[in-house]
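Trainee: let's see this in three dimensions:
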Amino acid sequence: AAHQGERYAPESVSRLDHPTSGVLVVPLTAAAAASLTLQFKSRAVAKLYLCLCLGLPPLQGAFDARLRTVQHGRGSRTTAHPSGKEALTAFK
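Mentor: Residues are numbered from 1 along each chain as shown. Below you'll find the model as predicted:
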């Protein structure tokens, strides 16, 4: 952490839901970085997900797609792909 008068170079302290969204948390101060790092390590962070839709989504339905896991960097991501495994997800 930077001390009084030292410059702080912002860097990521967490990548929320790494396999899916890849949203980065980048604090702007050393104090915020230290606090957020501790909160993520102790699993004290609560997450709230919001969805923006154009129009009204159906009350129920299904996603039918072929999915495959793709390796990238230090992790992986599941994505729709013609050579993937058949997957059906129903929702209501």
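Trainee: give me the nearest residue to Leu88, chain neighbours excluded.
Mentor: Spatial nearest neighbour of Leu88, excluding adjacent residues (C-beta to C-beta, 6 or more residues apart in numbering): Asp64 at 5.1 Å. Quick note: C-beta positions are derived from backbone N, CA and C, even for glycine.
Trainee: can you give me the neighbour number for the one you found?
Mentor: Residues near Asp64, counting by other C-beta atoms under 10 Å, number 10.
Trainee: check which helix or strand it maps to.
Mentor: strand 61-72 (DSSP states H and E).
Trainee: just the CA trace of that strand, in PDB.
Mentor: Coordinates of each C-alpha in strand 61-72 appear next as PDB, following Å, rounded to 0.1, in the frame of the first residue of the first chain:
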ATOM      1  CA  GLY A  61     -39.200 -20.000 -21.800                       C
ATOM      2  CA  ALA A  62     -36.000 -21.800 -22.500                       C
ATOM      3  CA  PHE A  63     -32.500 -21.300 -23.900                       C
ATOM      4  CA  ASP A  64     -31.500 -24.100 -26.200                       C
ATOM      5  CA  ALA A  65     -27.900 -23.800 -27.300                       C
ATOM      6  CA  ARG A  66     -24.800 -25.900 -27.800                       C
ATOM      7  CA  LEU A  67     -22.200 -24.900 -25.200                       C
ATOM      8  CA  ARG A  68     -18.500 -25.500 -24.900                       C
ATOM      9  CA  THR A  69     -15.800 -24.400 -22.400                       C
ATOM     10  CA  VAL A  70     -13.100 -22.400 -23.900                       C
ATOM     11  CA  GLN A  71      -9.700 -21.900 -22.100                       C
ATOM     12  CA  HIS A  72      -8.300 -18.400 -22.000                       C
END
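Trainee: now do the next helix or strand after it against strand 61-72, angle only.
Mentor: Sequence order places strand 75-80 as the next helix or strand after strand 61-72, per DSSP H and E. With axes from the mean of the first three to the mean of the last three C-alpha atoms, to 10 degrees as the basis, strand 75-80 and strand 61-72 are set at 140 degrees to each other.
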